[in-house]
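Enquirer: show me how the following folds:
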Amino acid sequence: MKKEKRKTKIINKRFQFKYLFQILTLELFFVIITIIFTIVFNILLLNSPYLVSNYWLWISIYSFLIFAVGALLLIKKGIDFSHRIAGPIYKLRKAMEKLLMGNTEQKVRFRKNDEWHEIAILFNKIVGKINADLGLYQEKLIEILKTIEEIEKNIESIPESENKRKIKKMINDLKTKCLLDEKNKEIKL
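Expert: Numbers count the residues shown, from 1 in each chain. Okay, the predicted model is just below:
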């Protein structure tokens with residue numbers, strides 16, 4: 001099977017460039033900090049015989065500290081970034097599970113800084129459409145059930161016969177197919 005490759009790498013410009021800009025800003029910050037530390041370190045190095053004699057030790061410590069601070073900031077930024085994406089996906093998945101279980105009364109809302117607001121809006125429109133369609137279907141079912149009840153009332157005037165029993169059975173089958181709950185006379189959807 002041939003693997004499908006996407007030619008366009010920039011699909012959502014706002015989203016992709018927003019995080020690219022944040023990563024580049026963080027990188028620029030590290031470059032500036034490195035330059036500042038290098039200048040300060042060289043000034044101290046020229047004025048201290050102790051630092052000159054342990055030059056490689058101090059370079060190693062300095063490099064490790066810059067790497068550690070950078071790694072911690074990148075980890076925090078990565079967690080923040082992934083949370084803005086994973087949080088909405090988690091909420092959407094939970095809402096879909098509820099919808100699948102028959103709960104059509106929920107709306108998906110994301111936090112202000114979360115990504116994928118347009119997907120939440122679309123999901124809410126879909127749920128609204130489902131609710132509107134269900135309302136129409138319920139109205140139609142109620143009309144059908146009223147018609148069935150009319151037929152049921154009118155059939156009582158017919159003398160008992162095989163045909164009357166068949167019609168009553170067909171009426172009961174229609175009620176069952178219309179998902180009528182006999183106990184409380186409500187339509188279950």
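
Enquirer: how many neighbours does E150 have?
Expert: 10 (other Cβ atoms under 10 Å). From N, CA and C alone the C-beta is placed, and that goes for glycine too.

Enquirer: let me know the pLDDT of it.
Expert: On the pLDDT scale, E150 is placed at 87.

Enquirer: just N103 next, same as before
Expert: 85.

Enquirer: F123 too?
Expert: pLDDT, read off for F123, is 90.

Enquirer: next: K3.
Expert: pLDDT, K3: 62.

Enquirer: same check on the one 3 residues further on?
Expert: In this model, R6 is scored at 54, pLDDT.

Enquirer: next: Y50.
Expert: Looking at Y50, the pLDDT reads 62.

Enquirer: work out for me the element S60 sits within.
Expert: helix 55-100 (DSSP states H and E).

Enquirer: helix or strand next in line after that helix, which one?
Expert: helix 117-155.

Enquirer: could you name the helices and strands sitting against that next one?
Expert: Contact partners of helix 117-155 among helices and strands, from 3 or more Cβ pairs under 8 Å, 6 or more residues apart in numbering; DSSP states H and E: helix 55-100, helix 162-177, strand 186-187.

Enquirer: adding distance to V40 and mean pLDDT, write these out as JSON lines.
Expert: Listed next are the helices and strands packed on helix 117-155 as JSON lines, based on distance: least, Cβ to Cβ, whole Å; pLDDT from 0 to 100:
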{"stretch": "helix 55-100", "distance to V40": "10", "mean pLDDT": "80"}
{"stretch": "helix 162-177", "distance to V40": "83", "mean pLDDT": "83"}
{"stretch": "strand 186-187", "distance to V40": "77", "mean pLDDT": "50"}
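
Enquirer: and those: which comes nearest E139?
Expert: Among these, strand 186-187 comes nearest to E139, with 9.8 Å by Cβ to Cβ.
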